[in-house]
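1. Build me a model from this:
(2 chains)
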Amino acid sequence: MNPEHLEALRSALDKVTGFIYPNEIELHWGLLIVIYPYLTGLVAGAFILASLEKVFRVKAVEPTYRLALLTALAFLIVAPMPLQAHLGHPERSFEIFLTPHLRSAMAMFGFVYAWYLMVVLLLEIWFEYRADMIRWRGRARWPLKAIYGLLTLGSSDLSPEAVAFDRKAVYAITIIGIPSAFLLHGYVGFIFGSVKANPWWSSVLMPIVFLFSAIVSGIALVLILYYVTSMARGKVPDMACMNTLASFLLYALIVDLSLEVLDFIHRLYESEESIEILRELIASKLFISLTVVQLLLGTIGPIFLLGFARFTGLVDELKRLAYLIAALLVQVGIFSTRWNVVIGGQLFSKSLRGLTVYKLQVGGAEGILVGAGLLILPLVILYGLVKLLPPWDDAPAFREAPAAGAAAPMAPR
Amino acid sequence: MGKEPSGHAIDETRRRLICELAKLPAATVLLSLTGPVRARAEGDEETDEHHYAMGIQIDRCIGCGLCVEACKVENDVPDEPFYFRTWVERYTIYEDGEVVVDSPHGGRDGFRPRSEDEERRVLRSFFVPKLCNHCDNPPCVQVCPVGATFKTREGVVLVDSDYCIGCRYCIQACPYGARYLDPRTKTADKCTFCYHRLRRGLLPACVEVCPTQARVFGELEQQASPLHRLKRFEPLHVLKPELNTDPKVFYTDLDGVVR
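-> Next up is the predicted model:
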């Protein structure tokens, strides 16, 4: 047994207020399980943003389409890592695929994840980039040439028919992808929402609240990435695009806040047995992370900031800066949201008679360092993806005249 | 085949051989289809008849903590006060209506009088032994992603520690706080009704050592069982009935404040 772990439990024992069941001193889902829904939320949100352009024909956000897809992929690759790392027996995790217990919501993870990765994201990105990759393969040198060769899967058809088919395929996959993205993150909400033993989690609204917070976080992330990458490349971010992103972020935030408020009022009005302990939880342990960070800093603040910047006559530069700050605040807020769900749900006893504490460690598997690593890793992967598959609309393949064989100009995506 | 000698005896032998061979795959298919039935036949046949449950008579519990101690020893439960397969809670109801609950070390060392009790008037006080409820509709079994936790034919909920991946979803799903993660095996663990003892015809350790027979163990459905008697003569209650988990640990004299 890990003596440090036992020492932490002992010190937690002293900080318990009221009564908790003796087995509840150990808090089972820590920082890693906070990060998991945060990451999948970003995936779903980024994808839904990408689909705005493809399915709902919101042309203004076109410059972010490819970036959003790559972002979704980078974060999706990392999403299962915190899950895997928190298992008591990571080496047995494949059993979820081999012998899933079909009545368990969690057993569906593998299938939902695989479906989303293989059928939606990878396929859409492949069709989206196929023609470009063929062109890049033609120009690149070893070893990039080989990598593009591998990525194109041997395809070399640049005929207008083939390119038209690409576009059709992307459209079809996006249509399948929207419900899939909803499934991916709604499912994560269901994991929590279906635990009837826990009154903080158990709510039919949980998957919906998760979804909208996912959309909020995804749009905000792509906005940040679009702004930062444009600046880094010495370009001015497209203002129409930034404005549209900000508008969508604002609307999503308002829906998200409404849902949260609905959940809150509903609990208060029903005033079930658990209300007393939940009231105590919100007023003490979660005051900073829920009221201050999630609600004021992460939701209401950005709503005002976005509303002000979007609908007043600020100069573009200030507008963009305001959007960026709002989007950063949203990230902090949504991370806090995940924290408040996952950790908050374990800070009160199922006896409804007491509260316990969660002490974040710096080192260790569940520590801040590993957590920070898992949050940075997707950005590193994204950097690699962007280098390999440039998502910019001024990338060489776009600028150039179509290759000799291809009669049609590179179709606008 | 037509070229073969058509002797009656040879034909007969061949026919039998073919019949026997044909039976092989058929038998394999049948056996695999009837897997559960086969497993049943191999096991202890008597266990088919068992439907175990526990009754706890709250008015009899003196909070001595022997059951907690016996359980820790019998089942090699980690010594530290964060891991319990069974524990005892003390409820103190004061005249002003305040309810105070405590369970120092799970009640393992018994209970000392509360210091504040000298100043305030206690209306009532009682002990409530707790353990896994071996629910008939167990949320822990429902959520296990690999089926490592399961209900036996006798209605006992068990964890296969060789199979558990340590995701701890079952711990979250248990409304009674009956589960913990064994820090040595990194798998979920909880009361088994001393399944290893039951299979040998013995009582669970906590039942065996209880000096006041506050814990009654037995068959839920057999007339001769002490539990059945308890059911006939005492109104029984379960914990958190509103969650529809259908517990098989029944309490007599259960106060409404107990959760």
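2. From now on I want contacts and neighbour counts done on CA atoms only, so please keep to that.
-> OK.
3. Give me the below-cutoff pLDDT ranges for the stretch 101-250 of chain B.
-> For the stretch 101-250 of chain B, no stretch has pLDDT under 70.
4. same thing but at 90, please
-> Low-confidence segments of the stretch 101-250 of chain B, defined by pLDDT under 90: B:113-120, B:220-225.
5. residues from it in reach of chain A?
-> Proximity of the stretch 101-250 of chain B to chain A (CA under 8 Å from any CA of the partner chain) is limited to residues B:101-103, B:105-106, B:142-147, B:163-168, B:171-180, B:183-184, B:186-187, B:243.
6. Mind checking which of the residues you listed are buried?
-> B:101-103, B:105-106, B:142-147, B:163-168, B:171-180, B:183, B:186-187 (16 or more other CA atoms under 10 Å in any protein chain shown).
7. just the strands in the chain please.
-> Let's take chain A. Applying DSSP state E to chain A gives strands spanning A:17-18, A:354-355.
8. Wait, chain B was what I had in mind.
-> All strands of chain B, identified by DSSP E, fall at B:52-57, B:86-94, B:99-102, B:122-131, B:149-151, B:157-159, B:180-182, B:187-189, B:215-219, B:249-252.
9. possible to save those strands as JSON lines with distance to residue A:259?
-> Converted to JSON lines, those look like this (distance: least, CA to CA, whole Å):
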{"stretch": "strand B:52-57", "distance to residue A:259": "44"}
{"stretch": "strand B:86-94", "distance to residue A:259": "39"}
{"stretch": "strand B:99-102", "distance to residue A:259": "35"}
{"stretch": "strand B:122-131", "distance to residue A:259": "38"}
{"stretch": "strand B:149-151", "distance to residue A:259": "35"}
{"stretch": "strand B:157-159", "distance to residue A:259": "38"}
{"stretch": "strand B:180-182", "distance to residue A:259": "34"}
{"stretch": "strand B:187-189", "distance to residue A:259": "35"}
{"stretch": "strand B:215-219", "distance to residue A:259": "48"}
{"stretch": "strand B:249-252", "distance to residue A:259": "39"}
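10. and the buried ones among the residues of the stretch 101-250 of chain B next to chain A, which of them are in helices?
-> Filtering those for membership in helices, criterion DSSP state H, returns B:142, B:143, B:171, B:172, B:173.
11. quick one: which of those residues is nearest residue A:330?
-> residue B:172 (28.7 Å; CA to CA).
12. what's near enough to touch that closest one?
-> Residues in contact with residue B:172 (CA atoms under 8 Å, 6 or more residues apart in numbering or on different chains) are A:28, A:195, A:197, A:198.
13. Go through those residues and flag the one the model is least confident about.
-> Lowest pLDDT within those is found at residue A:28 (94).
14. Show the backbone phi and psi for the residue nearest to it when sequence neighbours are not counted.
-> Spatial nearest neighbour of residue A:28, excluding adjacent residues (CA to CA, 6 or more residues apart in numbering or on different chains): residue B:168 at 6.7 Å. Main-chain dihedrals, residue B:168, degrees, to the nearest 10: phi 70, psi 20.
15. hmm, back to that, would JSON lines of the strands of chain A with mean neighbour count and distance to residue A:165 be doable?
-> Output for the strands of chain A, formatted as JSON lines (neighbours: other CA atoms under 10 Å in any protein chain shown; distance: least, CA to CA, whole Å):
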{"stretch": "strand A:17-18", "mean neighbour count": "14", "distance to residue A:165": "63"}
{"stretch": "strand A:354-355", "mean neighbour count": "22", "distance to residue A:165": "58"}
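16. mind checking which of the ones you listed is nearest chain B?
-> Closest to chain B of the strands of chain A, according to CA to the nearest CA: strand A:17-18, at 7.7 Å.
17. Which residues of the stretch 101-250 of chain A lie near chain B?
-> Contact residues, the stretch 101-250 of chain A versus chain B (CA under 8 Å from any CA): A:101, A:102, A:103, A:104, A:105, A:106, A:107, A:108, A:195, A:196, A:197, A:198.
18. Of the residues you listed, keep whichever come out buried.
-> By neighbour count, with 16+ other CA under 10 Å, those hold A:101, A:102, A:104, A:105, A:106, A:107, A:108, A:195, A:196, A:197, A:198 as buried.
19. how deep is residue 252 tucked in, by neighbour count?
-> Since you didn't name a chain, this refers to chain A. The number of residues packed near residue A:252 is 20, by other CA atoms under 10 Å in any protein chain shown.
20. that's the wrong chain, I wanted chain B
-> Residue B:252: 19 surrounding residues under other CA under 10 Å.
21. Give me the below-cutoff pLDDT ranges for the stretch 301-413 of chain A.
-> A:312-313, A:359-366, A:392-413.
22. Residue of it nearest chain B, please.
-> Using CA to the nearest CA, residue A:351 is the residue of the stretch 301-413 of chain A that sits closest to chain B, at 5.3 Å.
23. what's the closest non-adjacent residue to that residue?
-> residue B:259 (5.3 Å).
24. Please apply the same query to residue A:111.
-> Spatial nearest neighbour of residue A:111, excluding adjacent residues (CA to CA, 6+ apart): residue A:97 at 7.7 Å.
25. surely the one you found meets residue A:110?
-> Yes. In this structure, residue A:97 is within contact of residue A:110 by CA atoms under 8 Å, at 6.1 Å.
26. returning to what we had before: nearest to residue B:68 among the strands of chain B would be which one?
-> strand B:86-94 (5.6 Å).
27. in its sheet, what does that closest one sit against?
-> strand B:99-102 (antiparallel), strand B:122-131 (antiparallel) (DSSP bridges).
28. CA atoms only: put it into PDB for me.
-> Taking C-alpha atoms only, strand B:86-94 is exported to PDB below (Å, rounded to 0.1, in the frame of the first residue of the first chain):
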ATOM      1  CA  THR B  86     -19.200  -3.900   7.300                       C
ATOM      2  CA  TRP B  87     -19.300  -1.000   9.800                       C
ATOM      3  CA  VAL B  88     -21.500   0.200  12.600                       C
ATOM      4  CA  GLU B  89     -23.000   3.700  12.700                       C
ATOM      5  CA  ARG B  90     -24.200   5.400  15.900                       C
ATOM      6  CA  TYR B  91     -27.200   7.600  15.700                       C
ATOM      7  CA  THR B  92     -27.800  10.200  18.500                       C
ATOM      8  CA  ILE B  93     -31.000  12.100  18.400                       C
ATOM      9  CA  TYR B  94     -31.000  15.100  20.700                       C
END
